[in-house]
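J.: Just a sequence and a predicted model for now, questions to come.
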Amino acid sequence: MSPFTTVHELADGLASGAYSSVELTKDFLERIEQDQSNAFVTVTAETALKSAAEQDQARQSGDASWLAGVPMAHKDIFCTQGIRTTAGSHMLENFIAPYNATVVNRINNQGMVMLGKTNMDEFAMGSSNENSYFGPVTSPWGEALVPGGSSGGSAAAVAAGLTPVATGTDTGGSIRQPASLCGITGLKPTYGRVSRYGMIAFASSLDQAGPMTHDAQDAAIILAAMAGFDERDSTSADRQDVWMAGALQGKLIRPASLTIGLPRQYFNHANDSAASLDEVRRCLEGQGHTCVDVELPHTDAAISAYYVIAGAEASTNLSRYDGVRFGHRSDNSESLEDLYQRSRSEGFGAEVKRRILTGTYALSVGYYDAYYLKAQKIRRLIANDFAQAFTEVDVLLAPTTLGGAFAQDSLTQDPVAMYQQDKFTVPTSLAGLPALSMPCGFADGLPVGAQLIGPAFREDLILGLADAYQSETDWHHLHPEQTA
Amino acid sequence: MADSSDQTIDLIHLARLARLSLDQDELEATKADLENIIDMINSMQKIDTDGVSPMANPLDANQRLRADKVTEKVDRDQFQASAPATEDGYYLVPRVVE
Amino acid sequence: MNWEPVIGLEIHVQLATNSKIFSGASTSFGAEPNAQACPVDLGLPGVLPVLNEQAVVMAIKFGLAIDAEINLDSIFDRKNYFYPDLPKGYQISQFETPVVGKGEITLTMDDGSERQIGITRAHLEEDAGKSVHDLFPGQTGIDLNRTGTPLLEVVSEPDFRTAQEASAYFRQIHNLVRYLKICDGNLAEGSMRCDANVSVRPVGQNEFGERTEIKNINSFKFVEQAIEVEIERQIDVLEAGGKIERETRLYDSDRNETRSMRSKEFSEDYRYFPDPDLLPLKISQEFVDTIAAELPELPKARRARYVETLALSDYDANWLSNNPDVAEFFDAAAMVSNNAKSAANWVMGDLSAHLNKSDLDVSVSPVTPEQLGVLIQRIDDDTLSSKTAKQLFDALWQDGGEVDELIDTLGLKQMSDSGELDDIVMQIMADNPDQVEQLRNGKDKVLGFLVGQAMKATQGKANPKQVNELIRAKL
């Protein structure tokens, strides 16, 4: 069994008795053991083997779901009862949540086996996974390369075959950009599709959890497993999409003769992935779809609006980390103020402090209108751009990033340059739209991704299209070990 | 409303609001970073947003209302297991003078 | 110089919901520290708020009761500041768009005089926890049970000119929320607390003086005292040529003085913005209308009914309608007795005297409205004299029982059998020939003496009117 076997293949293999969940779990745990990429913050070998055995039991007695016993990993931003949840931060180094995130419960309900918690940029703030208190993650595609961020541990783990699937979260591109850089498939669902309960908040109006997988079919399966209405989340959408039931079984409808829009503002930059995107376009046209240019006029303002809004929300979402009820508390502080300032200054890393201060600035008296409110208006304009585009086309095709993985430490000294990494991913986040990144080729020997963007709650369209694309291409079958 | 071109950042005040203490080196580095970030952000100021209604959340829905029922069981010991300092069920902080 | 105080109140009303405003934890009072704080109340990582429908319903009830505009669209904002009893580092409140907009209330003073008081707004927010300073040496203990209890903050216009007006208004809001059953009104448990904004200005000046805010006053008496001493303090400062600092102050009831909260030396910037964890609250007019249809009779309407249909005096109507429990007792007694005026006299007289003496609330009165109603019937059908009625009332207060049975067992029935009374009257006239003679000569005032004799002879069971007639007949 190849370590790069997909979830749907593993599910079938378990069903046919080709191997047991315990055997699978052992295999992956061994690979994790030998791994040097620092993709995992916490490995839960013991509980994994225990639940794998339970799932094998359940399968014997015939009451196991299709996914029962398939190993997986959670980004360390999802609260797991009894198992520490760090969000990549010193602040939460020893935090053990008394509850499971809704996503964790839903994955558990499918009988999937958690191998551990994956590394990430602190509080999901970063595009290179160099902002983790637990050290940077290196890309399986090259020692000195970043896997992207903030879900860099999840991306690296799937790409390196340490787990067949991992959950991630995407606030401004944190699923799609690392998926692109690591040569895997990553889906950011529509805002409201997946419950945020128990998912440690970065920016509440942008955060959305999604799957990071080997192919679109797996992405559909895991999306269906994660998604659904949650009464604990006021921003959870209460919907019954009929295609979801099929998706959970890996059944996707490959849409016929779509009109696919190529937003001009995403293609007028020098981009190492331009040639690959052109190939994608030809492939899709070959499948009977029509590609047309569309305008998303306010695209270039997205980065500014995003860093104001995300910063503003983060600056107050992170106020609860005060050293009083949980989390890091500085020793020997003489006063309450002292306790607050020391605990937070010791507990947070540099990038988190930058974002908190940026957000505090944008919300503070005298600047609110010029920054926060202005950004919210631009957010509306960007959402309107997409709405307009979707009156003309069914889905959008765009690059996910400006190119392949970059070298570690190459951007850490220049936050603004680092922020440009999110250029093509933040607009969809601001609009709350579903978008996935799929491997579509290589630039300078490194994988690059193509981004498919759909109308709200039409993940079926972009997943179906990606599935059709992957049925004719092999990019998603290329793994570091084989190429490197 | 602030003049958007004005980027003088009172970092000491911001840090105080955010309850962060920065030593001298941090202060200078952070100030430079913030100024660059605000610079980048200010590129949005040139966009005309007159008459545009701000968008706080992408989900076009109304706040859902919860039935007034007690649904939570409180396990104080479990909830306080990760707490830095507790006594007799209270969370402890350095004496607050009022 | 003569100074005019300008006062506004912000009253925090704890809404009587079962669960918290944004979580399913219980709101009941007096649990072990932090035994009623769930992960949402504690602000643990990843948890999210969901709005309690009853909190919204109760806010709307209040809005309707003060003829306020109900905002069908309102927003919940974050008010950002750090304090140990504020777990998230922000309070979820309503800043620019409160659920209840401008309204007003008619303030009725004890002398019956009336004034319209403007209510700027009333908004929903979550209560904070409690800090305990005296339990742990050198440390403060934090109890978050109260965290997330729904609050309705009622903000008045600066319409009060005396401390008495302000406390009368506080009382009236207290009565109103109890009429509406949206708050238990228990001030001792902090169910209602108020902040007073106080300034003074030279009489005749239009613009306001600089104001101070006195925080967290939780009794009618203290509101009045706190405002009084703050007014005096401000006048003293100004007359000594000083100026008033805009600041938050605390009232110390032991010292009867207000003092500055030094902890506020740093100017907070609350950075209000819409809470991205909550969506806009949109209410339908139908929703508001159903709530309006279920509103109970309110003090103003009740007062009017007492004056117009029950023909009570303004004073009595006001006295009886202020406290909803008293009003309900009176309504029941008036209905049973079918004599509102007499029911009013009994409730305002003997009943309230007895209640005060034994320090009881009318809701637990040993004498029920039904008993009082029947008692009044028995006075009106001449079974009881006012004297025996009081005896009966005492008996009911002591041991309760059924009115007519007690009248028999205690032998309080008025003597109406004229035969028996006839003999007694003959006897008395025979025993007092001089008085009878004087009466014949038109000295009517001796009649009272003779009637008194008869009453004495019958231990008050005779009907004085009847005795009176008998004597005149026998002259």
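T.: Sure thing, it's come through. Numbers count the residues shown, from 1 in each chain, chains lettered A, B, ... in the order given.

J.: and the one helix or strand residue A:167 maps to, what's its mean pLDDT?
T.: Per DSSP states H and E, residue A:167 falls inside strand A:166-170. Confidence for strand A:166-170, expressed as mean pLDDT, is 98.

J.: and what of stretch C:375-389?
T.: According to the model, stretch C:375-389 has a mean pLDDT of 89.

J.: From the chain's centroid, how far away is that stretch?
T.: Remark: stretch C:375-389 is offset 32 Å from the chain centroid, using C-alpha atoms, centre = their mean, to the nearest Å.

J.: longest helix anywhere in the chain?
T.: If you meant another chain, say so; for now it's chain A. Assignment by DSSP state H gives helix A:374-392 as the longest helix of chain A.

J.: nope, chain B
T.: Across chain B, the helix with the greatest residue count (assigned by DSSP H) is helix B:24-41.

J.: Kindly report the residues of the stretch 1-150 of chain C close to chain A.
T.: Applying C-beta under 8 Å from any C-beta of the partner chain, one finds that the stretch 1-150 of chain C approaches chain A through C:39, C:42-51, C:78, C:80, C:82, C:84, C:87-90, C:140, C:142. Using the backbone N, CA and C atoms, a C-beta is placed for each residue, glycine as well.

J.: Looking at chain A, which residue is nearest chain C?
T.: Per C-beta to the nearest C-beta, residue A:319 is where chain A lies closest to chain C, at 2.4 Å.

J.: List the contacts of residue 163.
T.: With no chain named, the answer covers chain A. Neighbouring residues of residue A:163 by C-beta atoms under 8 Å, 6 or more residues apart in numbering or on different chains: A:28, A:32, A:71, A:72, A:73, A:115, A:157.

J.: Can you look at chain C instead?
T.: C:5, C:7, C:223, C:224, C:225, C:227, C:228, C:231.

J.: which SS class is the third one?
T.: For residue C:223, the secondary-structure state derived from DSSP: H, G, I helix; E, B strand; the rest coil is helix.

J.: if I look at it, how far off is residue C:14?
T.: Per C-beta to C-beta, to the nearest Å, residue C:223 is found 17 Å from residue C:14.

J.: name the helices or strands packed onto the longest strand along chain B?
T.: If you go by DSSP state E, chain B has its longest strand at strand B:90-94. Contacts defined by 3 or more C-beta pairs under 8 Å, 6 or more residues apart in numbering or on different chains; DSSP states H and E place strand B:90-94 against helix A:336-347, strand C:130-136, strand C:139-143.

J.: How about the longest helix of chain B, which residues are buried there?
T.: Using 16 or more other C-beta atoms under 10 Å in any protein chain shown as the test for burial, helix B:24-41 gives B:26, B:30, B:31, B:33, B:34, B:36, B:37, B:38, B:40, B:41.

J.: by how many degrees do it and helix A:374-392 diverge?
T.: Here helix B:24-41 points in a direction 40 degrees away from that of helix A:374-392 (axes from the mean of the first three to the mean of the last three C-alpha atoms, to 10 degrees).

J.: Could you look up the next helix or strand downstream of helix B:24-41?
T.: Following helix B:24-41 toward the C-terminus (DSSP H and E): strand B:65-66.

J.: Not counting its own residues, what contacts that next one?
T.: Against strand B:65-66 from outside (C-beta under 8 Å, 6+ apart): A:231, C:19, C:24, C:50, C:51, C:52, C:53, C:56.

J.: ditto for stretch B:38-50
T.: With C-beta under 8 Å, 6+ apart as the criterion, stretch B:38-50 contacts A:298, A:300-301, A:303-305, A:307-308, A:358, A:361-362, A:370-371, A:374-375, A:377-378, A:381, A:416, A:419, B:4-5, B:7, B:9.

J.: What mean pLDDT does it get?
T.: pLDDT averaged over stretch B:38-50 gives 96.

J.: Apart from its neighbours in sequence, what residue is nearest residue C:453?
T.: residue C:428 (4.8 Å; C-beta to C-beta, 6 or more residues apart in numbering or on different chains).

J.: Is the one you found part of a helix or strand, or is it coil?
T.: On the three-state scheme (three-state DSSP), residue C:428 is labelled helix.

J.: what do you get for residue C:123?
T.: strand.

J.: For residue A:112, see how far away it is.
T.: With C-beta to C-beta as the criterion, residue C:123 and residue A:112 are 45 Å apart.

J.: Show me the shaky parts of the stretch 301-450 of chain A.
T.: Filtered on pLDDT under 70, the stretch 301-450 of chain A yields no residues whatsoever.

J.: quick one: the helices in it?
T.: Ranges of helices within the stretch 301-450 of chain A are A:302-317, A:336-347, A:350-363, A:374-392, A:415-419, A:426-431, based on DSSP state H, counting those that start in this stretch.

J.: and the ones you listed as TSV, adding mean neighbour count and distance to chain B?
T.: Formatted as TSV, the helices of the stretch 301-450 of chain A follow (neighbours: other C-beta atoms under 10 Å in any protein chain shown; distance: least, C-beta to the nearest C-beta, whole Å):
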stretch	mean neighbour count	distance to chain B
helix A:302-317	27	4
helix A:336-347	21	4
helix A:350-363	25	5
helix A:374-392	20	3
helix A:415-419	18	5
helix A:426-431	28	6
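
J.: Any chance of the ones you listed in TSV with distance to residue A:207 as columns?
T.: Listed next are these as TSV, based on distance: least, C-beta to C-beta, whole Å:
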stretch	distance to residue A:207
helix A:302-317	9
helix A:336-347	20
helix A:350-363	14
helix A:374-392	15
helix A:415-419	18
helix A:426-431	9
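
J.: Looking at the ones you listed, which is nearest to residue A:288?
T.: Smallest distance to residue A:288 across these (C-beta to C-beta): 18.4 Å, for helix A:374-392.

J.: now that closest one and helix A:350-363, what's the angle there?
T.: Using the same axes, to 10 degrees: helix A:374-392 against helix A:350-363 is 100 degrees.

J.: So which elements touch helix A:374-392?
T.: strand A:259-263, strand A:290-294, helix A:302-317, helix A:426-431.

J.: C-alpha coordinates for the third one, PDB please?
T.: Same thing as helix A:302-317. C-alpha atoms of helix A:302-317 as PDB (Å, rounded to 0.1, in the frame of the first residue of the first chain):
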ATOM      1  CA  ALA A 302      -8.200  43.100  -1.400                       C
ATOM      2  CA  ILE A 303      -4.900  42.700   0.400                       C
ATOM      3  CA  SER A 304      -5.300  46.000   2.100                       C
ATOM      4  CA  ALA A 305      -8.900  45.400   3.100                       C
ATOM      5  CA  TYR A 306      -8.100  41.900   4.300                       C
ATOM      6  CA  TYR A 307      -5.200  42.900   6.500                       C
ATOM      7  CA  VAL A 308      -7.400  45.600   8.100                       C
ATOM      8  CA  ILE A 309     -10.400  43.300   8.700                       C
ATOM      9  CA  ALA A 310      -8.400  40.200   9.700                       C
ATOM     10  CA  GLY A 311      -6.200  42.300  12.000                       C
ATOM     11  CA  ALA A 312      -9.200  44.100  13.600                       C
ATOM     12  CA  GLU A 313     -11.000  40.900  14.300                       C
ATOM     13  CA  ALA A 314      -7.900  39.100  15.500                       C
ATOM     14  CA  SER A 315      -6.900  42.000  17.800                       C
ATOM     15  CA  THR A 316     -10.000  41.400  19.900                       C
ATOM     16  CA  ASN A 317     -10.400  37.700  19.400                       C
END
